[in-house]
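A.B. asks: when you get a sec, could you give me coordinates for this:
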Amino acid sequence: MNRKTPTRAARRLLLLLAIGLVAVAAGHAVLWRSMATELEEGWQTWVQLRRAQGWRVEHGPAVRGGWPFSATLTIDRVRLDGAAATLPGGLALTATPLVLRITLPRLDRLHVELPGQQRLRVGGIEYPFAADVLAAELPLETDTPPSSAELSAERLRIGSPAGGVEIRRLRLTAAGSASATETEPALAVTLTAERVELPVAPVGAGAEGFGRTIGSIAADLWLSGPLPAGRAPATRAEAWRDGGGTLELRALAVRWGPVGANAAATLAFDEALQPMGAGTLRITGATQALEALSEAGLVGRRAAATARTVLPLLSRPSAETGTPEVEVPVTLEDRTLALARIPVLRFAPLDWPRPTLPR
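C.D. replies: Below you'll find the predicted structure:
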């Protein structure tokens, strides 16, 4: 017998293998189609919910893709406008494009990618932005909104009226809980940013002495109290305030040139729905900061001379590094920010949008 001639058993094995491969391929095609269908249905449900909440949502056609290892839904152009449903002054986002992705084997995670040029409008000011990588990851939970989200960006570039800002690396995480107790946050947010390149500071802006690069920013925030539903932002803010809602800045750390700052504060709304609160600010490199502000003309010569005398008396060695550190109380009241009871900044009032009454 010719050994090169396949035996009946070998032919049967090859046939079974071919059938198995066809079955696997067919099963994978069915799974991919199911993933793509769920993506598209989930997108349409999300659009309907946003519109029910008062958002205006416009978008182009959705195109499926990603075969064979992921299912993607690419929406050419998406515009969200929450002028009557969000913050004072309105909020709008234009994404071109928006990509939704589910990747095997993590079918319980949704990736949202913004690969192109985007635009964000806050109030009447637009901020175009783009990044080498800009993506968010959310858990897919049955019949419930995502309880957490994670945003990451690499070389994020943001335009502003004052000039362009570039952030080498940004990471933001948010986690919410509808059943949070009084000692637990209804929403917890952490933020880290590395190497923030600022626009060229105009003469007299006070930033020349610090340099254009903020080395790092880190923040940890807790939002507590009830998070009421509804479409009127002012009504929701009033209910949150009346229910004891607070925004706790548990930690804020900034390293900018020769200056390091750490802050903690608790904020809320006053009777006029304007921010108010109190906290502490610890500064290293306070002398260098004073000199930079004095050279920029933001601190008068007499005040600078007094501060040079007082700062050494207020300085204490840092518990972590031993570096001289100044700690001062911070208050925000009547739209005025004060350090050690000295007013340093006056804010414009928040203009809350209210629902239009029928005629």
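
A.B. asks: every contact and neighbour count from this point should use C-alpha atoms.
C.D. replies: Noted.

A.B. asks: ok, residues contacting whichever helix or strand Leu247 is part of?
C.D. replies: Assigned by DSSP states H and E, Leu247 belongs to strand 246-256. For strand 246-256, the external contacting residues (CA atoms under 8 Å, 6 or more residues apart in numbering) are 210-211, 213-225, 260-268.

A.B. asks: out of those, which are buried?
C.D. replies: Buried residues within the contacts of strand 246-256, defined by neighbour count using 16 or more other CA atoms under 10 Å: 210, 213-214, 216-225, 260-268.

A.B. asks: can you list which of these are found in strands?
C.D. replies: Filtering the buried ones among the contacts of strand 246-256 for membership in strands, criterion DSSP state E, returns 213-214, 216-224, 260-268.

A.B. asks: quick one, helices of this protein?
C.D. replies: 8-52, 233-242, 286-295, 301-314 (DSSP state H).

A.B. asks: check the offset of the second one from the chain's centre.
C.D. replies: The reference is to helix 233-242. On the basis of CA atoms, centre = their mean, to the nearest Å, the separation between the geometric centre of helix 233-242 and that of its chain is 22 Å.

A.B. asks: now stretch 315-323: mean pLDDT?
C.D. replies: Mean per-residue pLDDT for stretch 315-323: 73.

A.B. asks: what about that stretch, start to end distance?
C.D. replies: Across its full length, stretch 315-323 reaches 9 Å end to end, with CA to CA, to the nearest Å as the criterion.

A.B. asks: so where's the stretch 201-350 of the chain shaky on pLDDT?
C.D. replies: 201-209, 231, 293, 296-300, 303-304, 319, 321-322 (pLDDT under 70).

A.B. asks: how close does Leu249 get to Thr142?
C.D. replies: When CA to CA is applied, the distance between Leu249 and Thr142 equals 32 Å.

A.B. asks: please identify which of these two sits among more neighbours.
C.D. replies: Shown here are Leu249 and Thr142; by other CA atoms under 10 Å, Leu249 has more neighbours (18 against 8).

A.B. asks: got a list of what the residue most central in space within the chain touches?
C.D. replies: The residue lying closest to the centre of the chain (CA atoms, centre = their mean) is Leu172, at 5.4 Å. When contacts are counted by CA under 8 Å, 6+ apart, Leu172 is found next to Glu150, Leu151, Ser152, Val189, Thr190, Leu191, Thr192.

A.B. asks: and if you look at Thr96?
C.D. replies: Per CA under 8 Å, 6+ apart, neighbours of Thr96: Ile75, Asp76, Arg77, Val78, Leu114, Pro115, Gly116, Gln117, Gln118.

A.B. asks: what about the contacts of Leu172, which are in strands?
C.D. replies: Cross-referencing those against strands under DSSP E gives Glu150, Leu151, Ser152, Val189, Thr190, Leu191, Thr192.

A.B. asks: ok, the residues you listed vs Gly244, which is closest?
C.D. replies: Closest approach between these and Gly244, by CA to CA: Val189, at 19.2 Å.

A.B. asks: what does stretch 110-125 rub up against?
C.D. replies: With CA under 8 Å, 6+ apart as the criterion, stretch 110-125 contacts 88-102, 126-140, 161.
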